[in-house]
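K.L.:
I would like to see how this sequence folds:
(3 chains)
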Amino acid sequence: MPDIARRWDDLGDHNSLVEFVDACLRGVAQVVLQNNPLTGLLILVAVGWGAVENGQPRILGGAVVGLVVGTATALALQVDRASWRKGLYGFSPVLTGIAIPTFLDHRPLMWLYLVLGAAATTVVTLALNAVFKRWGLTAFTFPFVLTTWVLLMAAYQFDRFTVLTRLQPTFPGEGRHATGSFDWDLVPTFLRGISQVFLTDSWVSGLIIVLGLLVNSRWSALFAVVGSAGATLLALWFGADGASLEKGLFGFNAVLTAIAVGAVLHRPGVAVTGYTLFGIALTLFVQMALTTVLTPLGIPVLTGPFNIATWLLLLPERHFAPVPNHERVRDTVVSVLRRSV
Amino acid sequence: MPDIARRWDDLGDHNSLVEFVDACLRGVAQVVLQNNPLTGLLILVAVGWGAVENGQPRILGGAVVGLVVGTATALALQVDRASWRKGLYGFSPVLTGIAIPTFLDHRPLMWLYLVLGAAATTVVTLALNAVFKRWGLTAFTFPFVLTTWVLLMAAYQFDRFTVLTRLQPTFPGEGRHATGSFDWDLVPTFLRGISQVFLTDSWVSGLIIVLGLLVNSRWSALFAVVGSAGATLLALWFGADGASLEKGLFGFNAVLTAIAVGAVLHRPGVAVTGYTLFGIALTLFVQMALTTVLTPLGIPVLTGPFNIATWLLLLPERHFAPVPNHERVRDTVVSVLRRSV
Amino acid sequence: MPDIARRWDDLGDHNSLVEFVDACLRGVAQVVLQNNPLTGLLILVAVGWGAVENGQPRILGGAVVGLVVGTATALALQVDRASWRKGLYGFSPVLTGIAIPTFLDHRPLMWLYLVLGAAATTVVTLALNAVFKRWGLTAFTFPFVLTTWVLLMAAYQFDRFTVLTRLQPTFPGEGRHATGSFDWDLVPTFLRGISQVFLTDSWVSGLIIVLGLLVNSRWSALFAVVGSAGATLLALWFGADGASLEKGLFGFNAVLTAIAVGAVLHRPGVAVTGYTLFGIALTLFVQMALTTVLTPLGIPVLTGPFNIATWLLLLPERHFAPVPNHERVRDTVVSVLRRSV
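P.N.:
Below is the predicted model of the structure:
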């Protein structure tokens, strides 16, 4: 294995196509804050599995198109090459590429919309990173969130598109209890909470993603599971909607918060773990609130709650939460700050 | 009186419990931008009076729990001690502690929610102060506003809570005129405008709060009354909802703007008073606009309009509005900027 | 012509009234990012023509009152004189002055509201420019947008006003297709797209505005037409609402983005033109999304989409898009950054 990895890296240094593919795969992995092409490959397999299982293989196509267009747009805009090679310009467009065919009906124009949207995601990544740099933060996946919200809300105004969010726009508190109850099948629910990071509803995909995390970082794999389980159980306790619970929809934002706050951006430890557990609860509350905000607009929260909660948790810069050492930084999303923006 | 005050300060220097109680009392006073434990004590009495008068004594309990949890969380997060002693980490959590039992129905889980919410308010205080520091501002009471909005909007998604805002979610302009007319009992209305700063509907409480202001700053007491009266009369002239008018709901944000802009953050004077009167009108318009924004979401504006209007008034940094001199700064909320964040 | 211009400039240096009128006229021109009193005069003629053509001459009155009050408020607040003379404190208030009589019913109190709103627009200009300065940006026309949104949403809460936006508050996707079809009369539509920058629905006014641009900058005139045509055709292709299309309502934001990004803030060129075409599409999508956001609130998007899209396009600071050289900067809205805020 390490031997193959070394050969792959060598290839990437000499062959532009391999370098591009490598940057794309790392881009997929950076969604869960990992810098590893194998992690990215396993996640693509997970997305593909989920797409086929749910009868929508075009979603895998959307992921690949979004990833390639977004990564290529970053090249055309001459972004910092080191950050680009780490996949830091791929992780938001790949999510836009998954979201568009998930939430819009299938027609040729959808693909043009997806291409424009993926390119816009890269421009928005550059713009928002420039904004957040002022506080020593990155925009995380918020460029994906913002761009996709804009594309979906714009689609409501165009006859040529139909928005499939199945979120009937309504007032908060109306018609909320009609969607069935939770069947207590906990482990698959926790795994679906992980697959939903990639808008995928499949416990098998969740398992493959955990594998993808394991090949790069055990702490990240552990905190992913803790995040999904913690937020799902809390949502269950407080009486959240059963149908959404079962699909893992209350887990995926906390998965990302837990990886970011507990494993990647701080040195794992007792105080950090306590802060992360608090962060998981905060992420769930922010997600529920954002659901209420977006209900009248008929759009989904996406990974917005993860971004908001993680900014709130990182901004205080507390003593038990040192910024990671230089070696660590080199491999994480945070390094985009120092170099390219 | 000054003798008791001196002995209390001496006690606080040597006894941790007295120091903690002192920081908590100052925290209550900092809601109205005062640094004085006696002011805080009088305001707690006012909140208690209002809670009992309205048959909801648990609101006083919520205030105390929120205040203690928020202040203790700040200690645990090792914030700057000097700012902490001035109550700068107590004033948002005490408001969260009042708001939760006011707007959610009574049940044991509500108290857990309140404790989590008060701790979150302190984290959000640290986060937002770090954001606003870039412009030489603090977040004022916005950490309370943001956290409480999140908690209330999240509660809409949980079966275990019922939101009692009595704001039937609706479109702006619908069913607005059904709520009765104003009875022209002006002075109690002005005083209720002051008590509503602490979400309390009682003219007696308003009077006690004015007393609390008087023991620390006559200018603040004067501008509190001017803010409440000015905004209420303007709302009356423009034809705002009579029932809300009578409860003082159009006064409390202007009370805070008037104290902040007219008495505490600038040296009182003619030009500053003119700017403050303009600020009172601005606060009312922002409050009315925010009411329209939040109507479809079924949540109250809280002190959001005060924060927005005051930021807009301070950002221009005009000639007639010098930042206060160092001695003054030492005792106001602004000092949080220089020291702890 | 140049002779008259020179004499006018001489007069302005010695006569305060001429200086004030000159600053006001430049203020009108700065809406479309031009620093030329003749451009401003022609645009005022265009606004007047549209007001009379649509039977609402009071709109011209509102424009003049807003312009004078906003410009005078800036003087009273002692802003940087050089920026003031370039009209940089007039362009937002003139738009507020047009918007208030357009969207509120006619009654004496409306004029007081307009005067307060124009003064507030200047305060908000100072405040938002201070915010955006941190990223080397200005607030463009966003002070007008924010202030007018606040005034309209506040008006919903006041019995004394009736909001005439004719945007029945509703959920996105509801009742959208009832408003008729487009009649393919393209050139007048493109010109109305330009006149709508000043909330005016008249192709004659659009033509006069193009003339006004031509006397100062051919590139600006060209990009104004490209922006209006591009966004209108894209909206037509994607199936946007026919009635709004015909009124030019999908063109005006792109007009401003195209002038700003294509002609004024970058040196015109091939790469910049490509980026501008992308920016026109981005502006349209942002406008459609903002329409969905604001539909439940019953208020119009105004020039919000131009501001948002242009910030997103400028923040990345890409290689092909150098900030303009010093001579250029001296005459554009950007110079407000360096000098006065």
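K.L.:
which residues does residue A:100 contact?
P.N.:
Contact analysis of residue A:100 by C-beta atoms under 8 Å, 6 or more residues apart in numbering or on different chains lists A:62, A:66, A:110, A:113, A:114, A:117, A:148, A:151. Where you see a C-beta, it was placed from the backbone N, CA and C, and this is true even at glycine.
K.L.:
again with residue A:97
P.N.:
Residues in contact with residue A:97 (C-beta under 8 Å, 6+ apart) are A:62, A:63, A:64, A:65, A:66, A:67, A:69, A:70, A:114, A:118.
K.L.:
tell me which element it falls in.
P.N.:
When secondary structure is defined by DSSP states H and E, residue A:97 falls within helix A:91-103.
K.L.:
residue boundaries of the helices in the stretch 151-300 of chain A?
P.N.:
In the stretch 151-300 of chain A, helices defined by DSSP state H, counting those that start in this stretch lie at A:186-195, A:203-214, A:218-238, A:242-246, A:252-257, A:270-294, listed in chain order.
K.L.:
Show me which residues of chain A sit near chain B.
P.N.:
Within reach of chain B by C-beta under 8 Å from any C-beta of the partner chain, chain A has these residues: A:134-135, A:171-174, A:176-177, A:237-241, A:278, A:281-282, A:284-293, A:296, A:311-313, A:315-319.
K.L.:
switch to 7 Å and redo it
P.N.:
On the criterion C-beta under 7 Å from any C-beta of the partner chain, chain B has as its neighbours in chain A the residues A:134-135, A:171-173, A:238-240, A:281-282, A:285-286, A:288-289, A:291-293, A:296, A:312, A:315-316, A:318-319.
K.L.:
Okay, now the unreliable bits of the stretch 1-150 of chain A?
P.N.:
Under the criterion pLDDT under 70, the flagged ranges of the stretch 1-150 of chain A are A:1.
K.L.:
What segments of it are helices?
P.N.:
When assigned using DSSP H, counting those that start in this stretch, the helices of the stretch 1-150 of chain A occupy the ranges A:2-14, A:16-30, A:37-53, A:58-76, A:81-85, A:91-103, A:108-132, A:142-155.
K.L.:
quick one, what contacts residue A:163?
P.N.:
For residue A:163, the set of contacting residues under the criterion of C-beta atoms under 7 Å, 6 or more residues apart in numbering or on different chains consists of A:103, A:104, A:152, A:155, A:156, A:298.
K.L.:
Ignoring the adjacent residues along the chain, who's closest to it?
P.N.:
With sequence-adjacent residues excluded and distances taken as C-beta to C-beta, 6 or more residues apart in numbering or on different chains, residue A:163 is closest to residue A:155, at 5.2 Å.
K.L.:
so where's the stretch 201-341 of chain A uncertain?
P.N.:
Along the stretch 201-341 of chain A, the model assigns pLDDT under 70 to residues A:319-341.
K.L.:
Look through it and state the residue closest to chain C.
P.N.:
When scored by C-beta to the nearest C-beta, the stretch 201-341 of chain A has residue A:296 as its residue closest to chain C, at 5.0 Å.
K.L.:
what's the neighbour count on that residue?
P.N.:
23 (other C-beta atoms under 10 Å in any protein chain shown).
K.L.:
Verify the stated contact: it with residue B:296.
P.N.:
Yes. With contacts defined as C-beta atoms under 7 Å, residue A:296 counts as touching residue B:296 at a distance of 5.0 Å.
K.L.:
picking that back up, just among the contacts of residue A:97, which is most surrounded?
P.N.:
Neighbour counts for these were taken using other C-beta under 10 Å; the highest belongs to residue A:70, with 32 neighbours.
K.L.:
Now for it: which residues touch it?
P.N.:
Contacts of residue A:70 by C-beta under 7 Å, 6+ apart are A:89, A:90, A:92, A:93, A:118, A:121, A:122.
K.L.:
Give me the contact list for stretch A:2-9.
P.N.:
When contacts are defined by C-beta under 7 Å, 6+ apart, stretch A:2-9 is touched by residues residue A:37.
K.L.:
so how far is that stretch off the chain centroid?
P.N.:
In terms of C-alpha atoms, centre = their mean, to the nearest Å, the gap separating the centre of stretch A:2-9 from the centre of its chain is 27 Å.
K.L.:
Show me what counts as buried in that stretch.
P.N.:
If you call a residue buried by 16 or more other C-beta atoms under 10 Å in any protein chain shown, then stretch A:2-9 has no buried ones at all.
K.L.:
and if you look at stretch A:40-55?
P.N.:
Buried positions in stretch A:40-55, judged by neighbour count with 16+ other C-beta under 10 Å: A:40, A:41, A:42, A:43, A:44, A:45, A:46, A:47, A:48, A:49, A:50, A:51.
K.L.:
CA atoms of that stretch as PDB?
P.N.:
These are the backbone C-alpha positions of stretch A:40-55, laid out as PDB (Å, rounded to 0.1, in the frame of the first residue of the first chain):
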ATOM      1  CA  GLY A  40     -11.300  10.500  -1.900                       C
ATOM      2  CA  LEU A  41     -11.500   7.400  -4.200                       C
ATOM      3  CA  LEU A  42     -13.400   5.400  -1.500                       C
ATOM      4  CA  ILE A  43     -15.800   8.300  -0.900                       C
ATOM      5  CA  LEU A  44     -16.500   8.500  -4.700                       C
ATOM      6  CA  VAL A  45     -17.300   4.800  -4.600                       C
ATOM      7  CA  ALA A  46     -19.600   5.400  -1.700                       C
ATOM      8  CA  VAL A  47     -21.400   8.200  -3.600                       C
ATOM      9  CA  GLY A  48     -21.700   5.900  -6.600                       C
ATOM     10  CA  TRP A  49     -23.100   3.100  -4.500                       C
ATOM     11  CA  GLY A  50     -25.700   5.400  -3.000                       C
ATOM     12  CA  ALA A  51     -26.600   6.900  -6.400                       C
ATOM     13  CA  VAL A  52     -27.200   3.400  -7.900                       C
ATOM     14  CA  GLU A  53     -28.900   2.100  -4.800                       C
ATOM     15  CA  ASN A  54     -31.400   5.000  -5.000                       C
ATOM     16  CA  GLY A  55     -31.900   4.600  -8.700                       C
END
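K.L.:
Thank you kindly, that will do.
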